[in-house]
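**Q** The following comprises the amino acid sequence and a computationally predicted model.
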Amino acid sequence: MTRADSDPEALEVLIVDDQELVRGGLRRILRRRDGFRISECADGDEVLAAVAASPPDIVLMDLRMKRMGGIEATRLLRARAGEPPVLVLTTFDDDQLLSGALRAGAAGFLLKDSPAEDLIRAVRTVAAGGAWLDPAVTGRVLSTYRTSAVTPVGPPTGDELTGREYEVLALIGRGRANSEIAHALGISEVTVKSHVGHIFSKLGLRDRAAAIVYAFDHGVVSPGQSKV
């Protein structure tokens, strides 16, 4: 089924998990009547072909699978330009695994015992260009991410960012998507994208996950302020 066959506004979600029971449970939460359309993979080594066959808006990725784990599948996917964002969904609150997923390019992570409402919000947020870090483990995972990063983030000089860019960074740190940032600041999404590009360039950041780490590291936001 193509997007034109049904609701053009529905979010296409690719679920990648090697357990049929888990995939079935996710299908029951991310229902068509609530604006989701689901495709599935049973292992990480099927992701690239599935994305090429029917590009989703977001990939919901398990971490531990039989043939290829979620970190490697995420790395392969995110190495290709224009591919969809990845939200990691796992039963394991393993700091090394979750920080590895961020380094591979995931836009965030959520534990499988989270409420259904959080899953829905996380999927919508990441699909819209935001990030989502499960608050149950965010502090520990960010600490692990920082200590294991290949290129540590340096301290800010105080004049790297303009005032507006600093405001945008603070909202990125709270997990806001570009549309939400535009609404909060009363500017266009095009302008937000321009600010985000300048922030990444000035601070040497690869993606939104790295921007969140930077924002937490430098006191731009604190865990209590984050919406995730």
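**A** Cool, the structure landed. Keep in mind that this is a model prediction, so the values were computed, not measured.
**Q** What distance do you get for Leu111 to Gly197?
**A** 32 Å (Cβ to Cβ, to the nearest Å). In this view, the C-beta of every residue, glycine as well, is placed from N, C-alpha and C.
**Q** So for those two, which residue has more residues nearby?
**A** Leu111 (18 against 10; other Cβ atoms under 10 Å).
**Q** List the single closest residue to that one in space, sequence neighbours excluded.
**A** Of all residues not flanking Leu111 in the chain, Asp134 sits nearest, at 5.2 Å (Cβ to Cβ, 6 or more residues apart in numbering).
**Q** and the one you found, what does it touch?
**A** The contact partners of Asp134, by Cβ atoms under 8 Å, 6 or more residues apart in numbering, come to 108-111, 114, 118, 228.
**Q** any idea which helix or strand comes after the lowest-mean-pLDDT helix or strand in the chain?
**A** Lowest mean confidence among the helices and strands of the chain (mean pLDDT, DSSP states H and E): helix 138-148, at a mean of 62. Counting by DSSP states H and E, the next helix or strand C-terminal to helix 138-148 is helix 163-173.
**Q** what mean pLDDT does that next one have?
**A** For helix 163-173, the mean pLDDT works out to 91.
**Q** What pLDDT is listed against the nearest residue in space to Gly105 that is not next to it in sequence?
**A** Spatial nearest neighbour of Gly105, excluding adjacent residues (Cβ to Cβ, 6+ apart): Arg78 at 3.1 Å. In this model, Arg78 is scored at 86, pLDDT.
**Q** so Arg78 touches Ala107, yeah?
**A** No. Judged on Cβ atoms under 8 Å, Arg78 makes no contact with Ala107 at a distance of 9.2 Å.
**Q** Can you check which residues contact both of these two?
**A** Val86.
**Q** neighbour-wise, which of these two wins?
**A** Counted by other Cβ under 10 Å, Arg78 and Ala107 do not tie: Ala107 has more neighbours, with 29 against 19.
**Q** which residues does the more buried one contact?
**A** Ala107 touches 85-87, 126, 130-132, 207-209, counting by Cβ under 8 Å, 6+ apart.
**Q** Let's see that with 7 Å instead.
**A** Residues counted as contacts of Ala107 (Cβ atoms under 7 Å, 6 or more residues apart in numbering) are 85-87, 126, 131, 208-209.
**Q** Identify those among those that sit within helices.
**A** 126, 208-209 (DSSP state H).
**Q** Just the CA coordinates for the helix ranked longest in the chain, please, in PDB.
**A** Ranked by residue count under DSSP H, the longest helix found in the chain is helix 189-203. Output of helix 189-203 as PDB, limited to C-alpha atoms (Å, rounded to 0.1, in the frame of the first residue of the first chain):
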ATOM      1  CA  GLU A 189      10.500  27.000   9.900                       C
ATOM      2  CA  VAL A 190      12.900  28.000   7.100                       C
ATOM      3  CA  THR A 191      14.600  30.500   9.600                       C
ATOM      4  CA  VAL A 192      14.700  27.800  12.200                       C
ATOM      5  CA  LYS A 193      16.500  25.400   9.800                       C
ATOM      6  CA  SER A 194      19.000  28.200   9.000                       C
ATOM      7  CA  HIS A 195      19.700  28.700  12.700                       C
ATOM      8  CA  VAL A 196      20.100  25.000  13.300                       C
ATOM      9  CA  GLY A 197      22.600  24.700  10.500                       C
ATOM     10  CA  HIS A 198      24.600  27.600  11.900                       C
ATOM     11  CA  ILE A 199      24.500  26.100  15.400                       C
ATOM     12  CA  PHE A 200      25.800  22.700  14.200                       C
ATOM     13  CA  SER A 201      28.500  24.400  12.100                       C
ATOM     14  CA  LYS A 202      29.700  26.700  14.900                       C
ATOM     15  CA  LEU A 203      29.700  24.100  17.600                       C
END
